[in-house]
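1. when you get a sec, could you give me coordinates for this:
(2 chains)
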Number of protein chains: 2
Amino acid sequence: MINRTNGRWAVSALATLLLLPALLVAQDVLPSWNNTAAKKAIVDFVAKVTDENSPDFVPVADRIATFDNDGTLWTEHPMYTQMAFAIDRVKALAPTHPEWKDQQPFKAVLDNDLQALSFTGQKGLVDLVLASHTDITTTDFEAVVKEWFATHRHPRFQQPYTQCTFKPMVELLEYLRANGFKTFIVSGGGIEFMRPITLGCYGIPSDQVVGSTTKTKFEMKEGGPVLMRLPEIDFIDDHDGKPVGINRFIGKRPIASFGNSGGDREMLEWTSAGEGLSLKMLVFHDDAKREYAYGPANGMPDTKFGNFPQDLMEEAEKKGWVVISMKDDWKQIFTFEK
Amino acid sequence: MINRTNGRWAVSALATLLLLPALLVAQDVLPSWNNTAAKKAIVDFVAKVTDENSPDFVPVADRIATFDNDGTLWTEHPMYTQMAFAIDRVKALAPTHPEWKDQQPFKAVLDNDLQALSFTGQKGLVDLVLASHTDITTTDFEAVVKEWFATHRHPRFQQPYTQCTFKPMVELLEYLRANGFKTFIVSGGGIEFMRPITLGCYGIPSDQVVGSTTKTKFEMKEGGPVLMRLPEIDFIDDHDGKPVGINRFIGKRPIASFGNSGGDREMLEWTSAGEGLSLKMLVFHDDAKREYAYGPANGMPDTKFGNFPQDLMEEAEKKGWVVISMKDDWKQIFTFEK
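-> Below is the predicted model:
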């Protein structure tokens, strides 16, 4: 087809190729978003920072966008996906750990007693993750994570966890990348739990995933070198840890940040403190019918995972951070929805 | 020109655009390299991993290449560039630290006594870096680093340090990227000392720079949030630290790694241990005339910076790691050479 003597087709193909980014913008972008203020805030922001004639123009190299994962890019109820994995793994490892029968938080897990588990608090969660995610090489751990994702489903939606991503947010990631942004995950979740699935779920490669880490140790074994995962926290990528992690891993301040809980507050503050225009958004879970509803902001139920306090709502209001109502701003939440 | 009715020009432009990667390979690649075994090893490796019909084919997402910086991408003599910076900064800060006059390693720096400085060893170097790189916000430190690079020159070459990069290695970075590789720096140097210059010097953005780090702390000041650099080592990205850093920051094993000293050994071993074909190369400094000559391998002088021991030479020989002779394999070393 390229060889038509008239040449008009080829000229048009060349033009299309060169104008592709512009065409992507001109089409109906973000189709799973309703035409509300949230979508308008995104499209207006992107128009300004990508327009060379705008005073808000930002060069491509500085178009950094950071996204929390749990509750921002995928569902985090009835519990963090990584916690479901940790529970399953503790059960799988229990035969080699007879002492866990009488020891919290393991006893609670083995007894399927989620209430007793919740009483072990933050320390219980950390103990659970350390016991279930370490004393294994990084290569073997990756295989365990992949196997778990391939064989487990979300208890309510009965879909693989990798399908429980929010379609509007995946569209947003793609839209930003089509406009020259580099997109990063900045999550409190374990970096090596997320990496096996982020490319498939979000189009985000492993080196653009910032998260919590355990220490690892290089060891020379008979079959060659390995990295052993040690039962020792290296870094918690939450609250103050998010700006610290952004600085350590990315080395540039984002101009757009997206979260959904109190743990994302410092990341949004850090983004705001940069020079020039920036976009800060918080996903608010107010749709019990299609997903979940929790706060405790705006009178929503107060739950264990993804706390969105009232004072965060007030800070957002005061500072012009855009709160996304899942109920009102999203036409469709999941790809698997009818 | 696009609108010529004949259309041949447009067709040719389109074809050129689509075939650009292939054309880059077909032309005389790596022009600053002599046509020796080292260049052939690179070109053959790239041909195999990029050929979909080759058993050694590697998908683009897995084409990860890691480069040490000091002595591999730029000159590290008569001392590491970061050490020259630390010395200058200690001198600049000395008026506010009267106690340094009688305290090593600072006394040695203020007395311009490089021999006494060398006696303070690794600990002296760390103390120097901590004292000169911390108690400052990340934003202010970046400005200090940029200012230093803009105003200081290499003592022998009388060029800005950012010009003291090895032209053949910069060509290699570009060649790999043109073939779908993602290129990373993995250096023992301080991550925030390198980041201000890596895009300009190497085309490597800040988030693709792995290095040693000090701890930072998020603080809310009157003017907004800052990250303070603390006088505490977070991570040393050298020897075993290189595979650890690669795993933490990149999350994938490289298929090509480039170093020049004993500190790069574990990175090359880690690269070798992956499945499939990989390329490991070591720059050997044997050209005192155009750059520097040091080992102590192969009877070269034993110096303080960039130690290449004899057993590394033997390991390279045994395992098929390619040793690059600067003297024999590089047609031109610096851009500023006549």
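
2. and the strands in chain A?
-> For chain A, the strands defined by DSSP state E occupy A:64-67, A:136-137, A:182-190, A:209-221, A:224-235, A:256-259, A:279-284, A:322-325.

3. in its sheet, what does the first one sit against?
-> What that stands for is strand A:64-67. Applying DSSP bridges to the sheet, strand A:64-67 is found paired with strand A:182-190 (parallel), strand A:256-259 (parallel).

4. now tell me what touches that strand from outside.
-> With contact meaning CB atoms under 8 Å, 6 or more residues apart in numbering or on different chains, strand A:64-67 is reached by A:73, A:169, A:173, A:176, A:181-186, A:202, A:210, A:242, A:246, A:250, A:252-259, A:267, A:271. Every residue, glycine included, has its C-beta placed from N, CA and C.

5. wait, what's in contact with the residue most central in space within chain A?
-> Nearest residue to the geometric centre of chain A (CA atoms, centre = their mean): A:N69, 1.7 Å. Neighbouring residues of A:N69 by CB under 8 Å, 6+ apart: A:185, A:187, A:189, A:194, A:211.

6. nearest spatial neighbour of A:T335, skipping sequence neighbours?
-> A:K167 (5.3 Å; CB to CB, 6 or more residues apart in numbering or on different chains).

7. and the one you found, how many residues sit next to it?
-> By other CB atoms under 10 Å in any protein chain shown, the residues close to A:K167 number 19.

8. same question, A:I136
-> When neighbours are defined as other CB under 10 Å, A:I136 has 17 of them.

9. separation between the residue nearest to it when sequence neighbours are not counted and A:T81?
-> Counting by CB to CB, 6+ apart, A:I136 lies nearest to A:R229, which is 5.5 Å off, once chain neighbours are set aside. Taking CB to CB, to the nearest Å as the measure, A:R229 falls 19 Å from A:T81.

10. partners of the closest residue to A:A37 other than its chain neighbours in the sheet?
-> Leaving aside its sequence neighbours, A:A37 sits nearest to A:V322 (CB to CB, 6+ apart; 7.3 Å). When bridges are called by DSSP bridges, A:V322 pairs up with A:M281.

11. picking up where we left off before, which of the contacts of A:N69 ranks first by neighbour count?
-> In terms of neighbour count, A:S187 stands highest of those at 30 neighbours, by other CB under 10 Å.

12. isn't that residue up against A:G71?
-> No. At 9.8 Å, A:S187 does not count as touching A:G71 under the criterion of CB atoms under 8 Å.

13. how about stretch A:325-338: buried residues?
-> A:325-327, A:329-330, A:332-334 (16 or more other CB atoms under 10 Å in any protein chain shown).

14. now those as TSV including distance to B:G306?
-> Shown next, in TSV, are those (distance: CB to CB, whole Å):
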residue	distance to B:G306
A:S325	58
A:M326	56
A:K327	61
A:D329	56
A:W330	56
A:Q332	57
A:I333	55
A:F334	54
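
15. surely A:T139 touches A:V226?
-> Yes. Contact between A:T139 and A:V226 holds when scored by CB under 8 Å: they sit 7.0 Å apart.

16. could you give me the buried positions within stretch A:217-237?
-> Going by neighbour count (16+ other CB under 10 Å), the buried part of stretch A:217-237 is A:218, A:225-229, A:235-237.

17. chain B: which of those is nearest?
-> A:F218 (3.9 Å; CB to the nearest CB).

18. quick check: closest non-adjacent residue to the closest one.
-> Nearest non-adjacent residue to A:F218, counting by CB to CB, 6+ apart: B:D240, 3.9 Å away.

19. where does the one you found land on pLDDT?
-> pLDDT recorded at B:D240 is 97.

20. correct me if wrong: it contacts A:K215.
-> No. With contact defined as CB under 8 Å, B:D240 does not reach A:K215; the gap is 11.8 Å.

21. more crowded one of the two?
-> Neighbour count, other CB under 10 Å: between B:D240 and A:K215, B:D240 has more, with 22 against 16.

22. list the contacts of the more buried one.
-> B:D240 touches A:217-218, B:266, counting by CB under 8 Å, 6+ apart.

23. closest one of those residues to B:K39?
-> Nearest to B:K39 among the contacts of B:D240 is B:E266, at 26.1 Å by CB to CB.

24. tell me the contacts of the closest one?
-> Contact partners of B:E266, counting by CB under 8 Å, 6+ apart, are A:218, A:225, B:239-240, B:242-243.

25. now A:D287: how far from B:L172?
-> Distance, A:D287 to B:L172, using CB to CB: 52 Å.

26. looking at the two, which one has more neighbours?
-> With neighbours defined as other CB under 10 Å, A:D287 and B:L172 compare such that B:L172 has more, 26 against 16.

27. does the more buried one touch B:S32 like I think?
-> No. Using CB under 8 Å, B:L172 is not in contact with B:S32; the gap is 9.3 Å.

28. show me what contacts the residue lying closest to A:Q104 once chain neighbours are set aside?
-> The shortest distance from A:Q104 to any non-neighbouring residue, by CB to CB, 6+ apart, is to A:T120 (5.2 Å). Counting by CB under 8 Å, 6+ apart, A:T120 makes contact with A:104-105, A:108, A:127.

29. got the residues of the stretch 151-300 of chain A near chain B?
-> A:182, A:184, A:191-192, A:195, A:199, A:205-209, A:213, A:216-218, A:220, A:224-225, A:227, A:234, A:240, A:243-244, A:247-252, A:266, A:269-270, A:272-273 (CB under 8 Å from any CB of the partner chain).

30. ok, of these, which come out buried?
-> In these, the ones that pass as buried (16+ other CB under 10 Å) are A:182, A:184, A:191-192, A:195, A:205-209, A:213, A:216, A:218, A:225, A:227, A:240, A:243-244, A:247-252, A:266, A:269-270, A:272-273.

31. low-confidence ranges in the stretch 201-338 of chain A?
-> Low-confidence segments of the stretch 201-338 of chain A (pLDDT under 70): none present.

32. can you list the residue ranges for helices in it?
-> Secondary structure of the stretch 201-338 of chain A by DSSP state H, counting those that start in this stretch: the helices cover A:241-245, A:265-272, A:310-319, A:326-329.

33. thinking A:G203 is in contact with A:R177, fair?
-> Yes. Counting by CB under 8 Å, A:G203 touches A:R177, with 7.0 Å between them.
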